[in-house]
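Student: Just a sequence and a predicted model for now, questions to come.
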Amino acid sequence: MTRRVRVVVFAVAAVGMAVLLVWAFAGARPFGTSIHPYGDLAVRAALEQRATANTVASVTFDQRGLDTMGEEFILFAAVLGTSILLRREPDELARTVGEEGTEDRAGSGPTPEMVRLFGYVVLPFVVVVGIYVVAHGHLSPGGGFQGGIVLATGLHLLYIAGDYPALRRLRPQRVFEVSEAAAAASYVLLGLAGLAVTGAFLANVLPYGTLGQLASAGTVPLLNTAVGVEVGSGTVLLLAEFLEQTLVLRERSGRPDTGGSR
Amino acid sequence: MPATALTPVIIGLPIGMAAVLAALGARLPRRVLDATATATAATVTVLAVLLLVATSQGRVVAWAGGWTPHQGVSVGIALVADPFGAGLAVVAAVLSTAVLVFSWRYFQAVEVFFHALVLVFLAAMCGFVLTGDLFDMFVWFELMSAIAYALTGYQIEQAQPLQGAVNFGITNSIGAFATLLGITLLYGRTGALTFAALGATLTGAHPDAVIVVSMALILTGFLVKAAVVPFHFWTADAEAVAPSPVCALFSGIMVELGIYAVARIYWTVYAPVLPVSALRGPLLGFGVLTAVLGAVMCLAQRHIKRLLAFSTISHVGLFLIGVALLSPAGLAGTAVYVLGQAGVKAALFLLAGVIALRLGSVSERDLHGRGRDMPLTAALTIIGGLALAGLPPFATALGKAITEDAAASAGLGWLVAVFIAASSLTGAAVLRMAARVFFGLGAPATAHPIQRSDDRSDDRSDDRSDDRSDDRSDDRSDVVGDDGEQDSGEAEEPSPARAPRTMLIPPVVLLAAALALGMLPGLPATMGVVAAGFTDQPFYAAQVLALPLPGHAALPAPVDWFTTSSLVYGLLSVALAVLIAAAAVLRTRLPGWAVAVADAGRPALRGLRALHSGHIGDYVAWLLVGVVSLGAALGVALR
């Protein structure tokens, strides 16, 4: 189709889509009403049955923990897929890190001292916050997905600080590959443990404890930790693939300015 | 192991083993890796068969997390296995095993990622067919997609796989957005996500805007996955470039799961609120369009994998027609057809992989007469082509026959013509390809640029541009030309004198299975009973939600095995396929009037080709047209 035809077809369809959506939304329940059958049930199940203060965590890791296993593996598959698509090609050259252009942020010039200092100083705090967010996922907003991202991005403050060699030393890819896969597998193992003990996959088999205590909610904190490690490691690996592609790998023919594009 | 434990283990085992392989993989020798992955898939096959056997006693319902319903209400996710779901899990596991065996020798530099991805893909497909929960189905759908994009782009040495993967990724993601939006709308209305609870809540409701639009949106993602026209554009682009064993999984089972989702969601969620009369017309329209367009495009291809991709599209159209009859008999026929097609199409894609490995190309023109010393591959390809055309007693023919009967008894006898046309055209395309490649029949392609004949890059989509550049060359073919000297790097050895046995056994087994299934006289009757259970929504809801069971719906008339008329139709399709293939091969010797007829169709064909432009903007525009047409058709049908 020519550009004009394509735009016309799209515009007509988009108008039709808008009409459909307005028609549907006009018939939907008004926003903010107090009646919602699932919401009421889920909150009651979280607080009364499972001593899980963070209801969202109860839905994510207990009531609908199977979905979360699938979602965890979506990230797992995305990391594997990225590794495949960005794997080093035969015609690509891996440069030595420390060589001109690899130690710094790609082509953005020398890092200002303040940014450098900020990166080094803030990193440990961010890591502590990340661990906190994972560990308290069943009590307060947060959890494995959020905390994992905080942890992974925290490490990359080193990149912001312009010290790519240090970041590389801090994240040996092999170790993170193993921790990511092991964390993903441990979610499945916890599920199978539930199956073995009660006959239901992902059943919450640990004592529920007292609402609001760190040791409460049964398996939810464990599943949270598994997801936290998986998401943290997976995100580190994802970013590593892209950073290596941008900073380290070059086509052999040597077009240094277009590194990373193929 | 109790049956309720089988369902989660079928999902958890391959997904867990994938993680283990990913963790250890780099240290494992290739042989151990191959053996572990194959053994895992084989174990899942056995477990799925056990589950299928267990479902003959009734649905196997397992609530994840142990959240069994109280008074029909649960906050958890139900895993619900019935014979169709468990049967599809068996198909997925068998095909994954076959593909893993095939890949032992197919890939050279395979890393652990391929095995891990295939295992997660298997788990996702099993989750998809065994879940009883709308959102959970969406999660497995997304997982399948994430892996499918990566597998499509597997051969990164070339530019086309990435383009194919990107087109696939964008179209599927837009479909997924639509599905998620539809789920949101429906959830906002009902507060439920379990199919059973959704259906129970909607019973007796008025089919208003939320219900109609949510259905159109939810189906969109699955129709994209199912490669239904006009949601289908990604399919040929992706299957042209994905490694052949991956295509076997895509065409053999993944695409068909989209059709399964349409049937499952209608019969458990919307059946109580949307009458059959409202849905039949729109679905039939999409089905006929898909069957016809896919068949015509299939015959027009010279790139073997694109050809097979379009034949899948055409067959999916036939499956959608079978589902659109919205009767147990139609469903039973479609189920048998899907089984047969899974074996036949996966086998054909694996054979395309053998051709690519041996001859270094998948272009019918490049390969003219070059397959003369591959008798077994040739024989299997021809058998596959005949089975695709509907040669009795292959299961493809049986499924086609049952669906045709169901259409006729629904007063839609004209659909038989669509079935015969689609199956004979797609069969003819394969037979023509076989005649040219293996026997060197017909005129060799002179117009084709021969200078590339020594490059052994397989699986490239260049032939499509060659096809189109018969009369005009567009910029796309130049882009492709840049890549001309590159090596595919996919094949294990440049061109082994013989195809390894492990690459020929899987297609033999798959074709034999398709044949054996068609020879079971009891299969249609069983499928009829199973389909009647599948469509019995009140019973499904009560069983899943552990409520007092209502009486079974009345059993429909038993479904027959081959009847005389269905045998005649089957043989007619095959005869037509052979004639069309012969006419295509011997084009130059045809009488003048026949050439004139063929030439008359050329402008239309050129228009169709131009629609499949490879431009993602076009694909998205047509996808949107599809959603709006579906929504509007449903809305109008309910007036």
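Tutor: All right, it came through fine. Just so we're clear, the structure is a prediction, and the values are computed from it rather than from any experiment.
Student: I'd like the average pLDDT over stretch B:164-173.
Tutor: The average pLDDT within stretch B:164-173 is 92.
Student: how far out from the middle of the chain is it?
Tutor: 17 Å (C-alpha atoms, centre = their mean, to the nearest Å).
Student: Repeat that for stretch A:68-86.
Tutor: Distance, centroid of stretch A:68-86 to centroid of chain: 10 Å (C-alpha atoms, centre = their mean).
Student: Do it and chain B come into contact?
Tutor: Yes: residues of stretch A:68-86 contacting chain B under C-beta under 8 Å from any C-beta of the partner chain: A:69-71, A:73-74, A:76-78, A:80-86. Where C-beta positions appear, they are placed from N, C-alpha and C, glycine not excepted.
Student: cool, and stretch A:10-20?
Tutor: Yes: among the residues of stretch A:10-20, A:Phe10, A:Val12, A:Ala13, A:Ala14, A:Gly16, A:Met17, A:Leu20 lie within reach of chain B under C-beta under 8 Å from any C-beta.
Student: about what we covered before: what about the residues of stretch A:68-86 next to chain B, which are in strands?
Tutor: Judged by DSSP state E, these include no members of strands.
Student: which one of the residues of stretch A:10-20 next to chain B has the most neighbours?
Tutor: A:Leu20 (22 neighbours; other C-beta atoms under 10 Å in any protein chain shown).
Student: residues in contact with the closest residue to that residue other than its chain neighbours?
Tutor: Closest residue to A:Leu20 apart from its sequence neighbours, by C-beta to C-beta, 6 or more residues apart in numbering or on different chains: B:Gly631 at 4.5 Å. Applying C-beta atoms under 8 Å, 6 or more residues apart in numbering or on different chains to B:Gly631 gives the contacts A:Gly16, A:Leu20, B:Val212, B:Val213, B:Ala216, B:Leu217.
Student: Please name the spatially closest residue to A:Val150 (chain neighbours excluded).
Tutor: Residue nearest to A:Val150 in three dimensions, not counting chain neighbours: A:Gly130, with 3.7 Å by C-beta to C-beta, 6+ apart.
Student: Next, find the distance separating that neighbour from A:Leu157.
Tutor: 12 Å (C-beta to C-beta, to the nearest Å).
Student: Closest one to B:Gly570 out of the contacts of B:Gly631, please.
Tutor: B:Ala216 (35.4 Å; C-beta to C-beta).
Student: Let me see the mean pLDDT of the helix or strand where the closest one lies.
Tutor: For B:Ala216, the element it lies in under DSSP states H and E is helix B:209-225. For helix B:209-225, the per-residue pLDDT values average out at 95.
Student: ok, how many other residues are close to the closest residue to A:Leu249 other than its chain neighbours?
Tutor: Leaving aside its chain neighbours, A:Leu249 sits nearest to A:Glu92 (4.7 Å; criterion: C-beta to C-beta, 6+ apart). By the criterion of other C-beta under 10 Å, A:Glu92 has 16 neighbours.
Student: Just want the most central residue of the chain.
Tutor: All of this is about chain A. What sits nearest the mean C-alpha location of chain A, by C-alpha atoms, centre = their mean, is A:Val231, with 4.3 Å.
Student: looking at chain B here, not the other one
Tutor: Taking C-alpha atoms, centre = their mean, chain B has its central residue at B:Val255, 3.2 Å away.
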